[in-house]
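Novice: give me a model of this one.
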Amino acid sequence: MLGPLIAKLLTGEAGIFIARLKRMAVLYALMGVAALFLVIFLLIAAWLWAAQSVGTLPAALYFALGFLVIVIALYVGVLIIGRPPKERASDRLQRDVASIAGIAAVSNLPVILRSMKRRKGLLILPVAGVAIWGALRAFASRRNL
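Specialist: Below is the predicted model of the structure:
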């Protein structure tokens with residue numbers, strides 16, 4: 001949004017652009033208030049329907065449980081987002097490296113398959129590696145219990 005503003009400043013149309021931004025801000029604020037009322041009335045309607053279906057106390061407990069689940073989900077989201085940027089960058093780097101490794105493996109797959117057709121003994125190495133890796137993971141998970 002900064003690029004169009006700079007362009008309008010250079011061409012002398014910044015006043016028109018700012019006025020349009022103000023109108024859009026007012027419209028978005030009104031839409032937000034309307035959406036808030038929409039959600040409130042939908043919750044009231046859901047409450048009335050639940051109260052008529054199961055009774056007032058169970059409906060209140062169901063709504064409380066639902067909002068508790070929402071609060072817990074939001075808290076988990078805050079914890080994930082609130083991680084230090086260094087950890088997020090490290091996770092992003094690990095995902096990028098895994099993606100590049102996967103692409104390299106898939107791009108070399110025809111060469112690997114051709115060499116395996118010629119020499120069937122090469123198949124033993126990856127199978128043994130996967131078996132050893134699985135055994136080590138199983139041993140490590142039992143040791144951590």
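
Novice: make it CA atoms for all contacts and neighbour counts henceforth
Specialist: OK.

Novice: look up how far S90 lies from the most centrally placed residue in the chain.
Specialist: Ranked by distance to the mean C-alpha position of the chain (C-alpha atoms, centre = their mean), the top residue is G77 at 9.3 Å. Distance, G77 to S90, by C-alpha to C-alpha, to the nearest Å: 19 Å.

Novice: equivalent analysis for A60, please.
Specialist: In terms of C-alpha to C-alpha, A60 sits 44 Å off from S90.

Novice: between those two, which one's more packed in?
Specialist: A60 (15 against 11; other C-alpha atoms under 10 Å).

Novice: now do the contacts for that one.
Specialist: Contact analysis of A60 by C-alpha atoms under 8 Å, 6 or more residues apart in numbering lists W47, A51.

Novice: which element is it on?
Specialist: Using DSSP states H and E, the element containing A60 is helix 56-81.

Novice: tell me how far that helix is from the chain's mean position?
Specialist: In this view, helix 56-81 has its centroid 19 Å away from the chain centroid, taken as C-alpha atoms, centre = their mean, to the nearest Å.

Novice: pLDDT of the helix or strand following that helix, averaged?
Specialist: Per DSSP H and E, the first helix or strand lying C-terminal to helix 56-81 is helix 85-107. Confidence over helix 85-107 (mean pLDDT, whole number) is 77.

Novice: cool, and stretch 35-51?
Specialist: Mean predicted lDDT for stretch 35-51 stands at 93.

Novice: next: stretch 113-126.
Specialist: pLDDT averaged over stretch 113-126 gives 75.

Novice: next, the angle helix 56-81 makes with the longest helix along the chain.
Specialist: As assigned by DSSP state H, the longest helix anywhere in the chain is helix 14-54. Relative orientation of helix 14-54 versus helix 56-81 (axes from the mean of the first three to the mean of the last three C-alpha atoms, to 10 degrees): 140 degrees.

Novice: packing partners of helix 14-54?
Specialist: Where contact means 3 or more C-alpha pairs under 8 Å, 6 or more residues apart in numbering; DSSP states H and E, helix 14-54 is packed against helix 2-11, helix 56-81.
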